[in-house]
Each structure stands twice: as structure tokens, then as C-alpha cells.
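[1] Need a 3D model of the following:
(chains A, B, C and D)
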2 protein chains.
Amino acid sequence: MSLAHASQPVPDEEVGRFTISEVVEKTGLTAHTLRWYERIGLMPQVGREAPRSGGGQAGRRRYSERDLAFLEFVGKLRLTGMPVADMIRYAELARAGEGTIDERRQILVDHRAEVRERIADLTACLLVLDYKVEHYEQLCGVFETTRAAGAEDVLVRAECGDGR
Amino acid sequence: MSLAHASQPVPDEEVGRFTISEVVEKTGLTAHTLRWYERIGLMPQVGREAPRSGGGQAGRRRYSERDLAFLEFVGKLRLTGMPVADMIRYAELARAGEGTIDERRQILVDHRAEVRERIADLTACLLVLDYKVEHYEQLCGVFETTRAAGAEDVLVRAECGDGR
DNA sequence: TACGTACTTAGAGCCCACTCTAAGCAAGCC
DNA sequence: GGCTTGCTTAGAGTGGGCTCTAAGTACGTA
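    Residues are numbered from 1 along each chain as shown, chains lettered A, B, ... in the order given. Sure, this is the predicted structure:
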């Protein structure tokens, strides 16, 4: 990206080449959701085809590669549980320019900490699940070999802590 | 737990010792939620104090250690995103006895696979966040030292993929 | 007696992130 | 012309997991 290139508006870069259907395919989001994202300010205004008749329609959306990159990032944030309101905040800051870099970074740092914590939580729970599954597998073995022993039945319940 | 002990109803074990307020404290759930859990069949019927006057009240709940253990497990399942309907299913199977061990195990095996996948997803997204945060931190450095260079400004936008 | 804690019922309410509606218009293609 | 794809608006609807309501009763304690 040369300086000369960067300092001039570039139509083929401002107006992308992907229709909303194509973006639906690529992202897994619905057209409804994509329009919604624009409406709530999460997504910047997407470039449009010029309407041929100059009538009352706004023209069809044409998403750029950059739009797609942003949607991919949004998908990641969504997957990690960031509320839409926070994503909107982040996007607004991004649009406000380079003076907001620190704040943007802080949003991501905070969110990253939450994701780390969530991974830790899930990992701890996974250990419990592992233990339970392992225990069931052992009890399936014990159960089959000592089917007549009622005591084992009671132990199954007590050990598994499954309620009554 | 001796055989003689196991084969007889034990009142002090059937009727626990924790009031609902104490369980609220221990679990972080609300009394409303605890009652709801019973109502929807997730929680087995909790033992009760005998009402003094024999009137129309059911008596106060008295949760046992086993009840608490089950609630702890439910909390883990909840934290890992298992839908309440699935938890109910699991609890019903547990109450149905030892003939359901295989099915119970399968529920947990399936769920465990989901948790693993979720951890993997989060971990992948965490890498993206790490990259972004790192990048912002570098750009804060670059930005401060070359504030007059407009090209860096554009690079910030392009590299961060932050939308417009 | 007053207050705090707990009980019951059925269902309404809340929050979040979509998801869908309703109704009509536009444009391209066969 | 018919079909497909896409446009707009404001807001209602959905699903999940609680959370709260409404109204009265019970019981223990100060």
C-alpha cells in the first residue's frame, strides 16, 4: 500500500464486491443480522451499488474485503461472549480514529482476561466431567460383574452424587 | 457405609440440615431458583421439617449434603452451558436407578465433547485477541515515535481490520 | 404484636441477541 | 410476466434461564 495509493479515495476499494448473499454464505450470519448490525452501528455503512434508476432505493450492498475481515473479528468476539453493546463501543472507537487506540486496546485486554477466566472455568469443569465419565465407566464394569450385590447399587448413587 | 446402614431408611440422612437460606449462601443461587429447580424436576424433592401445627404448609426445606453435592454438580453443568432440559433428563435417569448408567454416561460423554470443543474455540479466539492486543501495543509505540507519519495512521486501520 | 424467614400457585416479566413481520418497491434475468 | 434477489421501516416475536409477582399462610423470636 503506497502513500499515493493511501491518500486517494479508491472507488473499487470503497465499494466492495460481495453481495449480501455471498457474505451470508461466508459468515454464516443471516442477511437480517447483517442489516441489523448496520442499523445498530456495529457495522460501518457498507458501500452500495449505485441504483440504476436513481429511484427511492438505496442500492445493493457491496461488502469489501475489509468489511469481511471486520465481520470475522466480530464473529470471534461474539464467540467469546462479548456483548453486542461492547462491540458497538469498540467499533465506534475504531471509527473515531487513531486517538482511541489506547481505549480500544484496553477493551480487548479486559475482554481477553474474561476469556482466559472462562477457559479456566471450563477446564476445571472438564476435569469434573472426566472424573464422572471415568467413574461411570468403572461402575459399568463393577456393576456387570457384581450385579447381585445391592450394596454396589447404593454405592453407585453415593459415589456419583446424582441426587436421588 | 455398612450394609445394615444402607438397607434402612435413615431419617437424619433423608432430612438434611441446611435451610434454604444457607443453601443460597453456599451455592450463590437464589431461593427462587432453588424452588424452581424442584418444580421443574431438576432437583429431587428436598426433605422437609415436619410442620408443627399440621396445617396447610409443606414445612421448611432441609437440604442434605447429598443435595448440596448435586447442586454443585448442576452448577458445573450450568457453567459449561448444558441446557436445563438436558440436566433434567440426566436427573430423571439418575432417579430411575442403575439401569440407566449407560445412558447417563453417554449424556456426560457427549457434553464433555462439547466442552472440549468450546475450549478449543475460545483458545483459538484468544490467540486472535493476543495478536490484536500485541499489535495495539506495538502501534502505540510506533504511533508515539512517528506521530507525524500519516502512513502509519492508515496502516493502523488496515492492519487492525477494525472497520472504517 | 411486629418482624423476619419460609411456604404455595401459575404465570407474567426480564434480558439478550437475534429473528421475523408487513407491505410495497426495485432490478435483473429467462 | 414470473421469479429471484435485494431494499426500507419500526417494532413485534422468539428462546432460554431465570426472576418476580400476588396474596395469603405458617412459625419462631424479641
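[2] Can you confirm whether the strand or helix carrying A:Ala85 lies near chain B?
    Take DSSP states H and E as the rule and A:Ala85 turns out to sit in helix A:84-96. Yes - using Cβ under 8 Å from any Cβ of the partner chain, helix A:84-96 reaches chain B at A:90-91, A:94-95. Backbone N, C-alpha and C define where each C-beta goes, glycine included.
[3] Filter these down to the buried ones, PyMOL style.
    To isolate the buried members of the residues of helix A:84-96 next to chain B in PyMOL, using 16 or more other Cβ atoms under 10 Å in any protein chain shown:
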select buried, chain A and resi 90+91+94
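[4] A:Ala58 should be in a helix, yeah?
    No - looking at A:Ala58 with DSSP: H, G, I helix; E, B strand; the rest coil, it is coil, so not inside a helix.
[5] and it, how many neighbours does it have?
    Applying other Cβ atoms under 10 Å in any protein chain shown, we find 10 residues neighbouring A:Ala58.
[6] quick one: it and A:Ala50 touch, right?
    No - using Cβ atoms under 8 Å, A:Ala58 is not in contact with A:Ala50, being 10.1 Å away.
[7] which residues are common contacts for those two?
    Shared contacts of A:Ala58 and A:Ala50, defined by Cβ atoms under 8 Å, 6 or more residues apart in numbering or on different chains, are absent.
[8] hey, where'd the helices end up in chain A?
    Ranges of helices within chain A are A:3-6, A:11-14, A:20-27, A:31-39, A:65-79, A:84-96, A:101-145, A:150-160, based on DSSP state H.
[9] For DNA strand D, which of those helices is the nearest?
    helix A:20-27 (3.1 Å; Cβ to the nearest atom of the strand).
[10] Report whether the closest one contacts DNA strand C.
    No - residues of helix A:20-27 are not located near DNA strand C by Cβ under 7 Å from any atom of the strand, the shortest gap being 10.3 Å.
[11] other SSEs contacting that helix?
    Under the contact definition 3 or more Cβ pairs under 8 Å, 6 or more residues apart in numbering or on different chains; DSSP states H and E, helix A:20-27 sits against helix A:31-39, helix A:65-79.
[12] what residues does that helix touch?
    With contact meaning Cβ under 8 Å, 6+ apart, helix A:20-27 is reached by A:18, A:29-31, A:34-35, A:60-61, A:63, A:67-68, A:71-72, A:75.
[13] so, in contact with DNA strand D or not, it?
    Yes - counting by Cβ under 7 Å from any atom of the strand, contacts between helix A:20-27 and DNA strand D involve A:20-22.
[14] Now do that helix: distance to the chain's middle.
    16 Å (Cα atoms, centre = their mean, to the nearest Å).
[15] List the buried residues in that helix.
    Neighbour-count burial for helix A:20-27 flags A:20, A:23-24, A:27 (criterion: 16+ other Cβ under 10 Å).
[16] How about stretch A:104-124?
    Here stretch A:104-124 shows A:104-105, A:107-108, A:111-112, A:115, A:118-119, A:122 as buried, counting by 16+ other Cβ under 10 Å.
[17] returning to that earlier point: lowest mean pLDDT across the helices of chain A, which one is that?
    Lowest mean pLDDT within those: helix A:3-6, a mean of 26.
[18] How many neighbouring residues does A:Glu103 have?
    For A:Glu103, using other Cβ under 10 Å, the count is 12.
[19] Next: A:Asp67.
    If we define neighbours as other Cβ under 10 Å, then A:Asp67 has 22 of them.
[20] hang on, the earlier thing: widest-spaced pair of the contacts of helix A:20-27?
    The largest separation in the contacts of helix A:20-27, counting by Cβ to Cβ, is between A:Arg60 and A:Gly75 at 22.7 Å.
[21] and chain A, what are its domains?
    As given by automatic domain parsing, the domain ranges for chain A are A:3-84, A:118-160.
[22] so what's the closest residue to A:Glu137 other than its chain neighbours up against?
    Once flanking residues are discounted, A:Glu137 sits nearest to B:Arg105: 6.7 Å by Cβ to Cβ, 6 or more residues apart in numbering or on different chains. In this structure, B:Arg105 makes contact with A:133, A:136-137, A:140, judged by Cβ under 8 Å, 6+ apart.
[23] any idea how far B:His111 is from B:Arg105?
    11 Å (Cβ to Cβ, to the nearest Å).
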